[in-house]
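Chemist: predicted model follows, preceded by the sequence.
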Amino acid sequence: MEFEYKKAKTNPGYSRLRERTKVIGTWDDHDYGLNDAGKEFGGKITNQKLLLDFLDEPQDSPRHKQDGVYVSYTFGPVGRQVKVILLDTRYHRDPLLSDGTILGNSQWTWLEKELNGPASAITIIGSSIQVYQKSISCISNLSAATGPLFSFESWGRFPKERVRLFKLIADSKRDGVFFISGDVHFGEITRYDCATGYPLYDITSSGLTKAVEETVPPPLHLIVRSVARLTPSTMRVMDQNCRYSSCTYGQPNFGAIEIDWDATPMTLKIEVRDINGFTVAGVKMSLLELQVGSLDPVATAKAGENRRHCSLEVTLPWLVRYRLAIMFYSAVAIFLLALIGFTYAAISIGRRCLRKRKYD
């Protein structure tokens, strides 16, 4: 891990970035040291120091003394402040099937204090895993629909923890909260309207150097996009301006957040962009839309097909929820039946030809 961190830090592109701007961050599994790992990973203490040195964290920082790399920052003058809360979803996380804790008691106590602290115009909560997905994403809960075929990490695999997270944000009465996340190797924007009294967005950008479409040959990219389009989602933000109809992006991407403080009212733009900087999915809104009370939770819960943006995929009708798996297994069954039929026909024709030769 030490070699990998040194290699990344001396990358020419990353070196230029460090020269031009302040870099802050937390870790996900591959920075942590083991795929999909949690608190059971034995190398976490050593690798915490490696990460903090990689981020040029001062040696007297509390992050060097605490268990985990969670931290918060506040940028900008009063009235235009942006608070960034970076969570550690690895150090204290229980096993995936346990429905235990993600953050651990000490980090929960810290997060409650941060959310109930001084107000800011915007609060960005960075979670390395998606918030809304049960198997695929943090907010979108897509694994609930793809579980038979795919399984992904997310807050959705720890339902009690996610409920606690939503309640903590709601009880704090804090305006302007949204999530940023990664991990899944594709980009998308999702939202949940029934947690805080205003839309709670999650912008997922993943990955900057490796994405899902790079794992399959180019001729199969269309199939990957079709699968994304057919996967049911009540949380994904669907917009005609998305690059693809699924409003997901499986090629290398990054996230961008733009705030226009001089607009009346002030506006926020969150986007997923390709490696050339072009937008592939995005949402623009007034900051007034991210204030407590901007949504009527009762009306929102009743409105729209499948209460869009207000229900998780686990609440969809069974046939809708598992349609991707049903289509997949149906296709496999048809293929096997066709293969059996072809084999039977070939054997029958072969036997007839053999009998004919013997007769002749």
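Modeler: Yep, that arrived.
Chemist: pull out the buried positions in the helix or strand harbouring K6.
Modeler: Under the criterion of DSSP states H and E, K6 resides in helix 2-9. Within helix 2-9, the residues that count as buried by 16 or more other Cβ atoms under 10 Å are Y5. All C-beta atoms are positioned from the backbone trio N, CA, C, and that covers glycine.
Chemist: give me the next element, helix or strand, following it.
Modeler: Per DSSP H and E, the first helix or strand lying C-terminal to helix 2-9 is helix 12-20.
Chemist: what does that following helix rub up against?
Modeler: Contact partners of helix 12-20, identified using Cβ atoms under 8 Å, 6 or more residues apart in numbering, comprise 8-9, 23, 56.
Chemist: for the residues you listed, which one is nearest L97?
Modeler: Comparing the contacts of helix 12-20 against L97 with Cβ to Cβ picks out A8 as the nearest, at 31.7 Å.
Chemist: my guess is that closest one meets F54, correct?
Modeler: Yes: using Cβ atoms under 8 Å, A8 is in contact with F54, at 7.1 Å.
Chemist: would you mark the buried spots in the helix or strand where T46 lies?
Modeler: Using DSSP H and E, T46 maps to helix 44-54. Residues of helix 44-54 classed as buried by neighbour count (16+ other Cβ under 10 Å): 44, 47-48, 50-52, 54.
Chemist: can you tell me the SS state at the spatially most central residue of the chain?
Modeler: Geometric centre of the chain, nearest residue: Q130, 3.2 Å, by Cα atoms, centre = their mean. The assignment at Q130 comes out as coil when based on DSSP: H, G, I helix; E, B strand; the rest coil.
Chemist: quick revisit: so for the helix holding T46, what's the average pLDDT?
Modeler: The pLDDT scores in helix 44-54 average 97.
Chemist: got the angle for it vs helix 12-20?
Modeler: Interaxial angle of helix 44-54 relative to helix 12-20 (axes from the mean of the first three to the mean of the last three Cα atoms, to 10 degrees): 70 degrees.
Chemist: next secondary structure after helix 44-54?
Modeler: Sequence order places strand 71-75 as the next helix or strand after helix 44-54, per DSSP H and E.
Chemist: packing partners for that following strand?
Modeler: strand 82-86 (3 or more Cβ pairs under 8 Å, 6 or more residues apart in numbering; DSSP states H and E).
Chemist: quick one: contacts of the strand it packs on?
Modeler: Taking Cβ under 8 Å, 6+ apart as the rule, strand 82-86 contacts 24-26, 69-76, 111, 114-115, 120-126, 259.
Chemist: of the residues you listed, keep whichever come out buried.
Modeler: By neighbour count, with 16+ other Cβ under 10 Å, the contacts of strand 82-86 hold 25-26, 69-72, 111, 114-115, 120-126, 259 as buried.
Chemist: out of those, list just those in strands.
Modeler: 71-72, 122-126, 259 (DSSP state E).
Chemist: how about the helices in the stretch 101-250 of the chain?
Modeler: For the stretch 101-250 of the chain, the helices defined by DSSP state H, counting those that start in this stretch occupy 105-115, 143-146, 159-172, 221-230.
Chemist: avg pLDDT for stretch 161-176?
Modeler: pLDDT averaged over stretch 161-176 gives 96.
Chemist: mind listing what's buried in it?
Modeler: For stretch 161-176, by 16+ other Cβ under 10 Å, it's 161-162, 164-166, 168-170, 172, 174-176.
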